[in-house]
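K.L.:
Got a predicted model here, sequence first, then my questions.
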Amino acid sequence: MENFSKLKVLIGLIYLAIVALVVYLFFYYGADSFLDVNFLKNNKDKIFTFRDQNFIWLIISYFFFAIIWVFLMGFGTPLVIVAGFAFGIFWGSLVSILSFSIGASLLYLFANHYFKDL
């Protein structure tokens, strides 16, 4: 039982390291500039053209990215804004709600399984 508890702590530390690495890389490479309102306004035509040409692929990639983002405890506001802008109110809300629910459920199952005894 002692080894299993150490394994849980190790998995928790690995999880925290992955979260810290993702946040660091997000800001290091300037990915936060893509969420700027001016960037969205200036590139509106390009974004809509890309969306129209690759709608299904974009929905699927957003769906899986949002699940991973929520699982890594990322905040959802930027994703909801981008989804609403890119997909519209109906599709953006639908895909965001489904992916956030699945990501939060996976996070709950992960935390419940590995950190219940701590």
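P.N.:
Right, received. Where do you want to start? Numbering: from 1, shown residues only.

K.L.:
Pull up the per-residue confidence for the residue nearest the centre of the chain.
P.N.:
With distances taken as CA atoms, centre = their mean, residue 69 lies nearest the centre of the chain, 2.0 Å away. What the model reports for residue 69 is a pLDDT of 88.

K.L.:
Tell me, how many residues neighbour the closest residue to it other than its chain neighbours?
P.N.:
In this structure, residue 69 finds its nearest non-sequential neighbour in residue 79, 6.3 Å apart by CB to CB, 6 or more residues apart in numbering. From N, CA and C alone the C-beta is placed, and that goes for glycine too. Neighbour count for residue 79, taken as other CB atoms under 10 Å: 21.

K.L.:
Any figure for the gap between residue 47 and residue 17?
P.N.:
33 Å (CB to CB, to the nearest Å).

K.L.:
related to what we said a few turns ago, buried residues, the helix or strand hosting the residue nearest to residue 69. List them.
P.N.:
Element membership of residue 79, judged by DSSP states H and E, is helix 77-115. Buried residues in helix 77-115, counting neighbours by 16 or more other CB atoms under 10 Å, are found at 79-80, 82-83, 85-87, 91-92, 95-96, 99-100, 102-103, 107, 114.

K.L.:
ok so, going back, tell me which of residue 47 and residue 17 has more neighbours.
P.N.:
Neighbour tally, residue 47 and residue 17, criterion other CB under 10 Å: the higher count belongs to residue 47, 16 against 10.

K.L.:
pretty sure that one contacts residue 40?
P.N.:
Yes. The pair residue 47 / residue 40 is scored as a contact, 7.1 Å apart, by CB atoms under 8 Å.

K.L.:
Spit out the residues that contact these two alike.
P.N.:
The contact sets of residue 47 and residue 40 overlap at residue 85 (CB atoms under 8 Å, 6 or more residues apart in numbering).

K.L.:
per-residue confidence at residue 32?
P.N.:
For residue 32, the predicted pLDDT is 67.

K.L.:
do the same with the one 4 residues further on
P.N.:
The per-residue pLDDT reported for residue 36 equals 70.

K.L.:
Cool, thanks, talk later.
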